[in-house]
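J.: Using only what follows, build the 3D model:
(2 chains)
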Protein chains: 2
Amino acid sequence: MEKYSRNSRVSIITKILTENPNKIMSLNYFSDILNAAKSTISEDILVVREILEKLDMGRIETIAGATGGVRYIVKVSEKEKEKFKDYICSTLSDKSRVVPGNFLYVTDIMLDPEVVSKAGAMLAGNFIKLKPDYIITVETKGVPLAYEVARYMGVPLIVARKNSKVTEGTSVTINYVSGTTGRLSTMGLSKRTLKTSSRCLFIDDFLRAGGTVNGIEDLLREFDSELIGIGVLVDNKEVKKTMAKPYVSIVDYFGIDEKGEIRMKPSTTI
Amino acid sequence: MEKYSRNSRVSIITKILTENPNKIMSLNYFSDILNAAKSTISEDILVVREILEKLDMGRIETIAGATGGVRYIVKVSEKEKEKFKDYICSTLSDKSRVVPGNFLYVTDIMLDPEVVSKAGAMLAGNFIKLKPDYIITVETKGVPLAYEVARYMGVPLIVARKNSKVTEGTSVTINYVSGTTGRLSTMGLSKRTLKTSSRCLFIDDFLRAGGTVNGIEDLLREFDSELIGIGVLVDNKEVKKTMAKPYVSIVDYFGIDEKGEIRMKPSTTI
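T.: Reported below is the predicted structural model:
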């Protein structure tokens, strides 16, 4: 079997680690693919670790023991974060985004992989130490962002549904007051979705009054599970709210002023 | 400013290309980050290109001209594909997956980032030459997979909704016969979602009778847009159907036999 140069090995190791965030990859795995001794692979990994840290582009952690190996922890550099927050603020300040009922149209950016992927990396990096068992969201707009956070954290996603489906089996359903419409809404989860005693991180596109968060807490309680944190792209600061759990936003929305300007600021929580 | 070794540069170039699939990255961009001449960066990229091709893990394309640069095209090796299809077949053959009404429970795997990410890479690699403008899906279960395909192809995602929302503005809504329930259903898209004359690739978790595909075609017609292909994780082969567009599945479902065994086979279309 062919031998590869250090350059080549470093490229493949970087690719595999980047594609498998927060997942422990054994040195044997790299050893097999790259036909190199474990000691050689160790040295290759050191190269990757050092340059990622130098450029503030992520961390490589070593896990000792029989089930050990290395894992890549996502990180967005401070400079990139500020640039991204500014970009979202300016994008969302466009007046044509106000739709009838004074709602802000955000669907397009929540479906743009470049935005979602960067926002997901920021939120995952922020919450990585909480070690959630699941990422939870409510259908539909927040699903891609919640999925990205789940991918970067290497844990499953859970999507609470507003209408139960025939293909889901038995569901647990609760009622809550939606912040968007002010009306009583329903959300449910299939009984097979989630193990009891789980720790869940809630991710969504837009946080208004926090009604959805209360709904999620109630729903998780039915599974003897716990909400441990909240991360959103946009926090609506027009509505005062207190959260008992750590919560962060990427940008903050302060409503529309008397001149019709949309007031948007980079968040200081992330 | 510090200079980096070739090893270090190759690592960072690999990471950035992997994280930005199908996006043209200029040599200047790498030059700036890595403080190296463009000719040096070119040589670094050659190292990455060669090892990816050798290990069948993706391609690097060069785009000439003023707006030129390089881009990474996702590819899953044939060996990985076969392994993945076998894994999905064995996971979905578990009898406890049959829920009342003889439906197959697939929600968990559609929310598992490891599964979704690999399936997304396979579908994106398969359809890359069609150059879609958008990836389209219908809420909810298929959203993460469709998002992954969109991310790997570097194009926006569109999610047709079963209920229109106050925050979406004006919508176009059509009726279609759902293959799952056999009943008349509704799906709609916000008028702001999609440019006219767009070419769209439809991605979903489960293809049954194809009613949803017809619905998507009707909906796209309202936007003077076109469906150019269909990709799903599971194709239900119990229902005979002909598709006018290229369509692929990762695994095929042949129903439940008289012993109660779930009949699942790797697809030969991908």
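J.: List the contacts of the one helix or strand residue A:125 maps to.
T.: Using DSSP states H and E, residue A:125 falls within helix A:113-127. Judged by C-beta atoms under 8 Å, 6 or more residues apart in numbering or on different chains, the contacts made with helix A:113-127 from elsewhere in the structure are A:21-22, A:73-76, A:80-81, A:84, A:88, A:109-110, A:144-145, A:147-149, A:151-153, A:201, A:203, A:229, A:231, A:233, A:246, A:248, A:250, A:270, B:19, B:23, B:147, B:150-151, B:154-157. Placement of C-beta: from N, CA and C, glycine included.
J.: in it, what counts as buried?
T.: For helix A:113-127, burial by neighbour count (16 or more other C-beta atoms under 10 Å in any protein chain shown) applies to A:113, A:115-127.
J.: mean confidence for it?
T.: When pLDDT is averaged along helix A:113-127, the result is 98.
J.: And stretch A:94-105, by the same measure?
T.: Here the mean pLDDT over stretch A:94-105 is 83, rounded to a whole number.
J.: Stretch A:203-211 now?
T.: For stretch A:203-211, the per-residue pLDDT values average out at 90.
J.: swap in stretch A:244-258?
T.: Taken as a whole, stretch A:244-258 carries a mean pLDDT of 92.
J.: what's the answer for stretch A:143-158, then?
T.: 98.
J.: do it and chain B meet?
T.: Yes - under the criterion of C-beta under 8 Å from any C-beta of the partner chain, chain B is reached by stretch A:143-158 at A:143, A:144, A:147, A:148, A:150, A:151, A:154, A:155, A:156, A:157, A:158.
J.: and the residue lying closest to residue A:4 once chain neighbours are set aside, what does it touch?
T.: Taking C-beta to C-beta, 6 or more residues apart in numbering or on different chains as the measure, residue A:4 lies nearest to residue A:34, with 5.8 Å between them; neighbours along the chain are not counted. When contacts are counted by C-beta under 8 Å, 6+ apart, residue A:34 is found next to A:4, A:8, A:9, A:12, A:13, A:41.
J.: Just put the residues you listed in CSV and tack on neighbour count.
T.: Listed next are the contacts of residue A:34 as CSV, based on neighbours: other C-beta atoms under 10 Å in any protein chain shown:
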residue, neighbour count
A:4, 20
A:8, 21
A:9, 26
A:12, 21
A:13, 24
A:41, 21
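J.: Show the subsequent helix or strand relative to the longest helix along chain A.
T.: The longest helix of chain A (DSSP state H) is helix A:38-54. Following helix A:38-54 in sequence order, the next helix or strand is strand A:59-63 (DSSP H and E).
J.: average pLDDT across that following strand?
T.: On average, strand A:59-63 scores 96.
J.: Sketch out the strands for the stretch 101-250 of chain A, chain order is fine.
T.: If DSSP state E, counting those that start in this stretch is used as the criterion, the strands of the stretch 101-250 of chain A fall at A:103-104, A:134-138, A:157-160, A:171-177, A:184-190, A:199-207, A:226-236, A:247-256.
J.: how about the ones you listed, which one is nearest residue B:54?
T.: Minimum separation from residue B:54 across the strands of the stretch 101-250 of chain A (C-beta to C-beta) falls at strand A:157-160, 34.3 Å.
J.: For that closest one, report the contacting residues that lie outside it.
T.: Contact with strand A:157-160 is made by A:134-139, A:143, A:146-147, A:150, A:187-189, A:193-194, A:200, A:215-216, A:219, B:111-113, B:140, B:144, as judged by C-beta under 8 Å, 6+ apart.
J.: Share the number of residues neighbouring residue A:26, please.
T.: Other residues near residue A:26 come to 16 when the count uses other C-beta atoms under 10 Å in any protein chain shown.
J.: quick one: contacts for it?
T.: Residues in contact with residue A:26, defined by C-beta under 8 Å, 6+ apart, are A:67, A:68, A:69.
J.: what does the model give it for pLDDT?
T.: Confidence at residue A:26, expressed as pLDDT, is 96.
J.: Chain B versus that one, what's the distance?
T.: Distance check for residue A:26 against chain B: by C-beta to the nearest C-beta, to the nearest Å, it reads 16 Å.
J.: what does the stretch 101-250 of chain A put close to chain B?
T.: A:101, A:103-108, A:111-114, A:116-117, A:139-140, A:143-144, A:147-148, A:150-151, A:154-159, A:161-163, A:166-169, A:180-181, A:190, A:192-193.
J.: separation between residue A:97 and residue B:184?
T.: Using C-beta to C-beta, to the nearest Å, residue A:97 is found at 33 Å from residue B:184.
J.: Please say which of those two ends up with more neighbours.
T.: Just comparing residue A:97 and residue B:184: by other C-beta under 10 Å the higher neighbour count belongs to residue A:97, 18 against 10.
J.: which residue sits closest to that one in space, ignoring its chain neighbours?
T.: Excluding the flanking residues, the one nearest residue A:97 by C-beta to C-beta, 6+ apart is residue A:105, at 4.6 Å.
J.: Pull the number of nearby residues for the one you found.
T.: Other residues close to residue A:105 by other C-beta under 10 Å number 17.
J.: hang on, the earlier thing: of the contacts of helix A:113-127, buried ones?
T.: Going by neighbour count (16+ other C-beta under 10 Å), those have A:21-22, A:73-76, A:81, A:84, A:88, A:109-110, A:144-145, A:147-149, A:151-153, A:201, A:203, A:229, A:231, A:233, A:248, A:250, A:270, B:19, B:23, B:147, B:150-151, B:154-157 buried.
J.: quick one on the thing from earlier: make TSV out of the strands of the stretch 101-250 of chain A and add distance to residue B:49.
T.: Conversion of those to TSV gives the following (distance: least, C-beta to C-beta, whole Å):
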stretch	distance to residue B:49
strand A:103-104	43
strand A:134-138	35
strand A:157-160	34
strand A:171-177	49
strand A:184-190	45
strand A:199-207	36
strand A:226-236	35
strand A:247-256	35
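J.: Can you check which of those strands gets nearest to residue B:263?
T.: Closest to residue B:263 of the strands of the stretch 101-250 of chain A, according to C-beta to C-beta: strand A:184-190, at 23.9 Å.
J.: Check which helices and strands the closest one sits against.
T.: In terms of contacts (3 or more C-beta pairs under 8 Å, 6 or more residues apart in numbering or on different chains; DSSP states H and E), strand A:184-190 is packed against strand A:157-160, strand A:171-177, helix A:211-221.
J.: 10 Å - rerun?
T.: Helices and strands touching strand A:184-190, as assessed by 3 or more C-beta pairs under 10 Å, 6 or more residues apart in numbering or on different chains; DSSP states H and E, comprise strand A:134-138, strand A:157-160, strand A:171-177, helix A:211-221, helix B:107-110.
J.: could you dump these to TSV with distance to residue A:29?
T.: Output for the helices and strands packed on strand A:184-190, formatted as TSV (distance: least, C-beta to C-beta, whole Å):
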stretch	distance to residue A:29
strand A:134-138	26
strand A:157-160	25
strand A:171-177	39
helix A:211-221	35
helix B:107-110	23
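J.: Minimum distance to residue A:241: which of these has it?
T.: Closest to residue A:241 of these, according to C-beta to C-beta: helix A:211-221, at 8.6 Å.
J.: ranking the helices and strands packed on strand A:184-190 by mean pLDDT, which is last?
T.: strand A:171-177 (a mean of 87).
J.: what helices or strands is that strand leaning on?
T.: Using 3+ C-beta pairs under 10 Å, 6+ apart as the contact criterion, the neighbours of strand A:171-177 among helices and strands are strand A:157-160, strand A:184-190, helix A:211-221.
J.: how about a cut-off of 8 Å?
T.: Counting by 3+ C-beta pairs under 8 Å, 6+ apart, the packing neighbours recorded for strand A:171-177 are strand A:184-190, helix A:211-221.
J.: residues of the first one that come out buried?
T.: Which is strand A:184-190. Of the residues in strand A:184-190, those buried under the neighbour-count criterion (16+ other C-beta under 10 Å) are A:185, A:187, A:188, A:189, A:190.
J.: how many degrees apart are it and helix A:211-221 in direction?
T.: Between strand A:184-190 and helix A:211-221, the angle comes out at 40 degrees (axes from the mean of the first three to the mean of the last three C-alpha atoms, to 10 degrees).
J.: Send me strand A:184-190 as CSV with only the CA atoms.
T.: These are the backbone C-alpha positions of strand A:184-190, laid out as CSV (Å, rounded to 0.1, in the frame of the first residue of the first chain):
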residue,chain,number,x,y,z
LEU,A,184,-52.9,29.5,22.1
SER,A,185,-50.9,27.0,20.0
THR,A,186,-50.1,23.3,20.2
MET,A,187,-46.8,21.5,20.0
GLY,A,188,-46.0,17.9,20.3
LEU,A,189,-43.2,15.3,20.2
SER,A,190,-43.3,11.6,19.3
